[in-house]
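Trainee: make a model of this:
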Amino acid sequence: MDILYILMRNDLESLNPGKACAQAAHAANQFRHFVETNKTMLARTKEWEGESDCGFGTTIVLSMSLGKINQIFGDITKIECDNGASSVFCGKVLDETYPVPDGKVIHLLPVETCAFIFGDKDGVAGIITRGLSLMG
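Mentor: Numbers count the residues shown, from 1 in each chain. Modelled structure (predicted):
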């Protein structure tokens, strides 16, 4: 069973719950945008979408630092290269205008706010994310 995992940063002080929800929506939309150009993943997501009458499957939001996200992406790359097959679909969200406060001034900077992994809960995606904390 495929799951969409969203890896939300917990090391951005300005990423309040409302901004985190917006970034999760960015991740889901970026995931759908990328999937539409990949016929193999498009077929898999059709099954995932069929889990509900509303067109979406299980999504889990996990909380971690940017360093941990980068480590996970490195682990996925290593496993995928060693196996010679692509069993997960993943990407990082770069918000080009993320508001970063600096005293009384707000800077709009490009910031990696979160990432997504789509894959089988019993495969690479599930193994990589097992034991990580849910966003709370």
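
Trainee: tell me which helix or strand the most centrally placed residue in the chain sits in.
Mentor: The C-alpha lying nearest the average C-alpha coordinate of the chain belongs to Phe116 (CA atoms, centre = their mean; 1.4 Å). Element membership for Phe116 (DSSP states H and E) is strand 105-120.

Trainee: so what secondary structure elements neighbour that strand?
Mentor: With contacts taken as 3 or more CB pairs under 8 Å, 6 or more residues apart in numbering; DSSP states H and E, strand 105-120 sits against strand 2-9, helix 17-35, helix 39-49, helix 66-83, strand 89-102, helix 124-129. All C-beta spots, glycine's among them, are computed from the backbone N, C-alpha and C.

Trainee: run the chain-centre distance for the longest one.
Mentor: Here the centre of helix 17-35 is set off from its chain's centre by 8 Å, with CA atoms, centre = their mean, to the nearest Å.

Trainee: if we can go back for a sec, what are the pairing partners of the strand holding Phe116, and which direction each?
Mentor: strand 2-9 (antiparallel), strand 89-102 (antiparallel) (DSSP bridges).

Trainee: report the inter-axis angle for that strand versus helix 39-49.
Mentor: For strand 105-120 against helix 39-49, the angle by axes from the mean of the first three to the mean of the last three CA atoms, to 10 degrees is 90 degrees.

Trainee: what about strand 105-120, average pLDDT?
Mentor: Averaging pLDDT along strand 105-120 yields 96.

Trainee: re earlier: between the helices and strands packed on strand 105-120, which gets nearest to Thr59?
Mentor: When these are compared by CB to CB, strand 2-9 sits nearest Thr59, at 4.5 Å.

Trainee: what residues sit buried inside stretch 11-30?
Mentor: 12, 15, 19-20, 23-24, 26-28, 30 (16 or more other CB atoms under 10 Å).
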